[in-house]
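*Asks:* need the 3D shape of this:
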Amino acid sequence: MRCIRWTNWCVCAALLCAAAARGAAGGWVEQGRKAVPGSKGLSSAEIKRMTKKEERDMRNKLSIRRIKPASGVGDWMTDPTALPFMLYQVEKRTDLPVYVDNEGLDVGSDELFEYLVVYLTSHNSWAFNQKETDNLSTWLKRGGTLYLDDCYNRGSPFADSVGPEVGKMIPGALPKMMLKTDHRVRDVFSMVYNVLYPGENIKAGRPWQYYMLDKRPAVFFTPNDDGCGWEISTPPSASNPIGEGIGHGGDNTQRELFYKWITNWMMYVYSH
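*Replies:* Residues are numbered from 1 along each chain as shown. Model prediction:
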């Protein structure tokens, strides 16, 4: 199994070289635009069809995979449109290619080592079995980054599970608040956009937390239900290029902040 962090540098360089030459985006999001014209909601079948790839080509592409724990956390697939349309936004905002696979990832398998970033969300408590924990621990040491997202957004059993489970993967690790004044993470939310840090004011939710491993932030935890901010109920269109929101809808001002945060974060993870 290769060093994830070294591969990350190679991928980042290739992405930047390829961006100027690549053509217009197509595939799943184009299918999505055609799938439900005038519809106010997406069915599970439509979501699956929109996110299905004709071929599994991950080379030189940004990606993030959703974790399906072996313990069967009840709603690990909550907000099913969140990751595909978040990646769509990252692609549009950076002109870098993305790879989308919205199926659940078994982090106890070797497939984990094909990804730089993996993502877990739920409203419920969660736990990894020993095989998953050992595999994730090795993956983190080799440069992987784990993104944990509390879908409940008010403090929940999911949040209560974060400390104990991360402690199994990184023994002795303690959570650190992500603050604008912290030099270790000062670039996280300024890579593409200069925006408020999470928790900087009341409109920006609550601060993220992170866990260090080998002098780098290896695990990030957001209590703000970011996935609910990314998800959509209709595909993007010319008149509404970020789609109609669900949990963080309204005038899309808050959703725009969520998209700017994740675009900055993805650029940080792929370049540090």
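*Asks:* contact partners of the host helix or strand of residue 118?
*Replies:* Assigned by DSSP states H and E, residue 118 belongs to strand 117-122. The contact list for strand 117-122 (CB atoms under 8 Å, 6 or more residues apart in numbering) reads 63-67, 69, 73-76, 78-79, 82-83, 105, 107, 112, 126, 144-151, 158, 227, 266, 269. Heads up, the C-betas are built off the backbone N, CA and C, glycines and all.
*Asks:* send the alpha carbons of that strand over as PDB?
*Replies:* Provided in PDB are the C-alpha atoms of strand 117-122 (Å, rounded to 0.1, in the frame of the first residue of the first chain):
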ATOM      1  CA  VAL A 117     -10.200  11.800   1.900                       C
ATOM      2  CA  VAL A 118     -13.100   9.800   3.400                       C
ATOM      3  CA  TYR A 119     -16.300  11.200   5.000                       C
ATOM      4  CA  LEU A 120     -18.700  10.000   7.700                       C
ATOM      5  CA  THR A 121     -22.000  11.500   8.700                       C
ATOM      6  CA  SER A 122     -25.000  10.400  10.700                       C
END
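*Asks:* and it, how far out from the chain middle?
*Replies:* The chain centre lies 7 Å from the centre of strand 117-122; the measure is CA atoms, centre = their mean, to the nearest Å.
*Asks:* could you say what helices and strands the helix or strand just after that strand packs with?
*Replies:* Elements were assigned by DSSP H and E; along the chain past strand 117-122, the next helix or strand is helix 130-141. The helices and strands touching helix 130-141, judged by 3 or more CB pairs under 8 Å, 6 or more residues apart in numbering; DSSP states H and E, are helix 157-169.
*Asks:* residues making contact with the helix it packs on?
*Replies:* Under the criterion CB under 8 Å, 6+ apart, residues 121-128, 133, 136-137, 140, 146, 148, 150-152, 173, 175, 209, 211, 219, 221, 223 lie in contact with helix 157-169.
*Asks:* then that helix to CSV, C-alphas only?
*Replies:* Extracted in CSV, the C-alpha atoms of helix 157-169 (Å, rounded to 0.1, in the frame of the first residue of the first chain):
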residue,chain,number,x,y,z
PRO,A,157,-24.8,10.9,19.8
PHE,A,158,-22.7,11.3,16.6
ALA,A,159,-20.6,14.1,18.3
ASP,A,160,-20.3,12.0,21.5
SER,A,161,-18.7,9.2,19.5
VAL,A,162,-16.0,11.4,17.8
GLY,A,163,-13.5,11.6,20.7
PRO,A,164,-13.5,7.9,21.7
GLU,A,165,-13.4,6.7,18.1
VAL,A,166,-10.6,9.0,17.0
GLY,A,167,-8.7,8.1,20.2
LYS,A,168,-8.7,4.5,19.0
MET,A,169,-7.2,5.5,15.7
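*Asks:* kindly calculate the angle that that helix makes with helix 130-141.
*Replies:* 70 degrees (axes from the mean of the first three to the mean of the last three CA atoms, to 10 degrees).
*Asks:* partner strands of the following helix or strand past helix 157-169 and their direction?
*Replies:* Sequence order places strand 176-177 as the next helix or strand after helix 157-169, per DSSP H and E. Sheet pairing for strand 176-177, assigned by DSSP bridges, gives strand 209-213 (antiparallel).
*Asks:* can I get the strand it pairs with in CSV, CA atoms only?
*Replies:* Provided in CSV are the C-alpha atoms of strand 209-213 (Å, rounded to 0.1, in the frame of the first residue of the first chain):
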residue,chain,number,x,y,z
GLN,A,209,-12.3,20.7,15.6
TYR,A,210,-9.2,18.8,14.4
TYR,A,211,-6.9,16.1,15.6
MET,A,212,-3.1,16.2,14.9
LEU,A,213,-1.0,13.3,13.7
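*Asks:* list the buried ones in that strand?
*Replies:* Across strand 209-213, burial judged by 16 or more other CB atoms under 10 Å covers 209, 210, 211, 212, 213.
*Asks:* just those now: which is nearest residue 189?
*Replies:* Nearest to residue 189 out of the buried residues of strand 209-213 is residue 210 (CB to CB; 12.2 Å).
*Asks:* helix or strand for the closest residue to that closest one other than its chain neighbours, just tell me which one.
*Replies:* Nearest residue to residue 210, sequence neighbours excluded (CB to CB, 6 or more residues apart in numbering): residue 217, at 4.2 Å. Residue 217 is part of strand 216-222 when elements are defined by DSSP H and E.
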